[in-house]
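*Asks:* Got a sequence here, can you build the structure:
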Amino acid sequence: MDPAGGCPHADNARLLAQGAVARIVLPGEVEGAAVLGHEALKEFLAHPDVAKDARHFTALREGHVPDGWPMKTFATVRGMTTADGDDHRRLRSLAGRALTVRRVEALRPRIETLTARLLDDMERAARDGDGTVDLREHFALPLPLAVIGDLLGVDPAHRDRLHHLSNQVVATDLGPEEVLAANRELVEVVATVVAERERDPGDDLTSALIAAREEDGDRLGRAELIGTLLLMIIAGHETTLNLITNAVRALCAHPDQLDAVRTGRADWADVVEETLRWDSPVSYFPFRYPTRDLTLDGTVIPRGTPVLAGYSAAGRDPAAHGTDADRFDVTRTGRARHLSLGHGPHYCPGAPLARLEATIALEQLFTRRPGLRLAVPDSELPRHAGFVGNSVATLPVRL
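*Replies:* Below is the predicted model:
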């Protein structure tokens, strides 16, 4: 795997042509595997003999993975994404209280108001400059960052720093010293958030988790509390940021698909779902580990292997999505549902929130700015660092 990342789709197609499962080498010469095919990934994500707890990671358990390994946080952070069985259900139920369909829908007015204000700010930035503006910086980022910050009770003063550190943690191209420093500081900032909510609790998820911990100290340890919040901060804005960015890019490159929405042949929810399939905001997500030698689509994945979930590859798998899987089509029907938000017990609990934010953002953006276009060709946009997230680093547009 190239630590610097880049556009994954050409490599995905090449690998898929060879099979649904690929043997890979992770940064640091750590041997692993990636599941790329839609049906194989669907089976793998829900398989009873696949775990998330890093005690099943053979190379890590045997001391072959150094502390500064750039992907170690994905394996060792304490929280929902690294827990199995009863521990996973316990952590997920606590966090899920803030992410029910009813509570997410109650956020709609706040998201609509915030979206309108950010569009005002973006238009002002374009007027004050040369007519172009970075839509990722001024719109796609601050929207989900503010929403998850409000939901978790994170003081606005911490949010930009949390985003910067989140970017470093999910990057796969940093050196050991940078990795360790970013992880230390991220934990320190999240611990500061916890301390602030301990002193001044509010109607937010962090305060609710603290209260649950104080009511029954065995239910949520401090490391689990910090790990759960850390994961929700990262996942709660990075993926939606990429989703909005990728949807805007796709619509600018395919004006016929934007016209399909405007003429009622599709709606904004269709745009979100097709973007999730066609250009998943997460390309390869770490890690899962077979608890026994596992045969998947004819390929044996040895017990304890760190496995990446290849969401961007599965989204364009012709076996599941047809011979036109490479085509962005918001009117697509009758095909397999994408897996970009997961499948099985670890299905993304924030999926309703991500869908709501992206739908509101795209509808307001293109209603107010129907002539929006990219300021530079899409092929010239710098890519997001690493192979976990899948998007571009900047998105200059003309409104």
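*Asks:* Strands of the stretch 1-150 of the chain, residue ranges please.
*Replies:* With strands called from DSSP state E, counting those that start in this stretch, the stretch 1-150 of the chain shows them at 21-26, 30-35, 50-51, 132-134.
*Asks:* which stretches of the protein have low pLDDT?
*Replies:* Per-residue confidence for the chain (pLDDT under 70) gives these ranges: 213-220, 335.
*Asks:* Would you mind measuring from S340 to T275?
*Replies:* Relative to T275, S340 is positioned 9 Å away (Cβ to Cβ, to the nearest Å). C-betas here are computed from N, CA, C, even on glycine.
*Asks:* ok, back up a step: got the strands of the stretch 1-150 of the chain as CSV, with mean neighbour count and distance to V194 columns?
*Replies:* Formatted as CSV, the entries for these read as follows, by neighbours: other Cβ atoms under 10 Å; distance: least, Cβ to Cβ, whole Å:
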stretch, mean neighbour count, distance to V194
strand 21-26, 19, 32
strand 30-35, 22, 32
strand 50-51, 22, 28
strand 132-134, 19, 32
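*Asks:* Could you dump those into JSON lines and include distance to E196?
*Replies:* Converted to JSON lines, those look like this (distance: least, Cβ to Cβ, whole Å):
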{"stretch": "strand 21-26", "distance to E196": "36"}
{"stretch": "strand 30-35", "distance to E196": "37"}
{"stretch": "strand 50-51", "distance to E196": "35"}
{"stretch": "strand 132-134", "distance to E196": "31"}
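*Asks:* Between those, which one is closest to L209.
*Replies:* Across those, the minimum distance to L209, taken as Cβ to Cβ, is reached by strand 50-51, at 24.2 Å.
*Asks:* Report the distance from that closest one to the chain centre.
*Replies:* Taking Cα atoms, centre = their mean, to the nearest Å, the mean C-alpha location of strand 50-51 is offset from the chain mean by 20 Å.
*Asks:* Same check on stretch 142-154?
*Replies:* For stretch 142-154, the distance between its averaged C-alpha position and the chain's averaged C-alpha position is 15 Å (Cα atoms, centre = their mean).
*Asks:* now do stretch 43-63
*Replies:* Per Cα atoms, centre = their mean, the displacement of stretch 43-63 from the mean C-alpha position of its chain is 21 Å.
*Asks:* Residues in contact with it: which ones?
*Replies:* Contact with stretch 43-63 is made by 30-31, 35, 65, 72, 75-76, 81-84, 88, 287-292, 294, 296, 303-307, 309, 339, 342-346, as judged by Cβ atoms under 8 Å, 6 or more residues apart in numbering.
*Asks:* Return the set of buried residues in it.
*Replies:* Within stretch 43-63, the residues that qualify as buried are 43-45, 50-54, 56-60, counting by 16 or more other Cβ atoms under 10 Å.
*Asks:* Identify the residue nearest A34 in space, chain neighbours excluded?
*Replies:* The shortest distance from A34 to any residue that is not its chain neighbour, by Cβ to Cβ, 6 or more residues apart in numbering, is 4.3 Å, and that residue is L308.
*Asks:* cool, and H338?
*Replies:* The shortest distance from H338 to any non-neighbouring residue, by Cβ to Cβ, 6+ apart, is to R277 (3.7 Å).
*Asks:* for the one you found, what are its contacts?
*Replies:* Contacts here follow Cβ under 8 Å, 6+ apart; on that basis R277 touches 315-316, 321, 332, 338, 340.
*Asks:* Can you tell me which of those is nearest M122?
*Replies:* Ranked by distance to M122 (Cβ to Cβ), these are led by S340 at 26.4 Å.
*Asks:* Quick check: that closest one is in a strand.
*Replies:* No. According to DSSP: H, G, I helix; E, B strand; the rest coil, S340 belongs to no strand; its state is coil.
*Asks:* Can you check which helix is longest in this structure?
*Replies:* Looking only at the chain and at elements set by DSSP state H, the helix with the highest residue count is helix 222-253.
*Asks:* Tell me the first helix or strand C-terminal of it.
*Replies:* Using DSSP states H and E, the helix or strand that follows helix 222-253 towards the C-terminus is helix 255-262.
*Asks:* How much space separates the residue most central in space within the chain from V397?
*Replies:* Centroid check for the chain by Cα atoms, centre = their mean gives T239 as the closest residue, at 3.1 Å. From T239 over to V397 the distance is 21 Å, taken as Cβ to Cβ.
*Asks:* cool, and Y289?
*Replies:* The span separating Y289 from V397 equals 42 Å under the rule Cβ to Cβ.
*Asks:* So which of the two has more stuff around it?
*Replies:* Taking other Cβ atoms under 10 Å, Y289 and V397 do not tie; Y289 has more neighbours (27 against 24).
*Asks:* is it fair to say the more buried one lies in a strand?
*Replies:* Yes. Secondary structure of Y289, determined by three-state DSSP: located in a strand.
*Asks:* Correct me if wrong: it contacts P306.
*Replies:* Yes. In this structure Y289 lies within contact range of P306 using Cβ atoms under 8 Å: 6.3 Å.
*Asks:* which residues does A320 contact?
*Replies:* Taking Cβ under 8 Å, 6+ apart as the contact definition, A320 lies against 37-39, 314, 335-336.
*Asks:* Can you pick out the most distant pair from these?
*Replies:* Taking every pair in the contacts of A320 and measuring Cβ to Cβ, the maximum separation is 14.6 Å, between G37 and R335.
*Asks:* Look at those two and report which has more neighbours.
*Replies:* With other Cβ under 10 Å as the criterion, G37 and R335 differ in neighbour count, and G37 comes out ahead with 24 against 14.
*Asks:* nearest spatial neighbour of that one, skipping sequence neighbours?
*Replies:* Residue nearest to G37 in three dimensions, not counting chain neighbours: A20, with 2.8 Å by Cβ to Cβ, 6+ apart.
*Asks:* Tally up the residues packed near that neighbour, please.
*Replies:* Other residues within reach of A20 by the criterion other Cβ under 10 Å amount to 25.
*Asks:* Thank you kindly, that will do.
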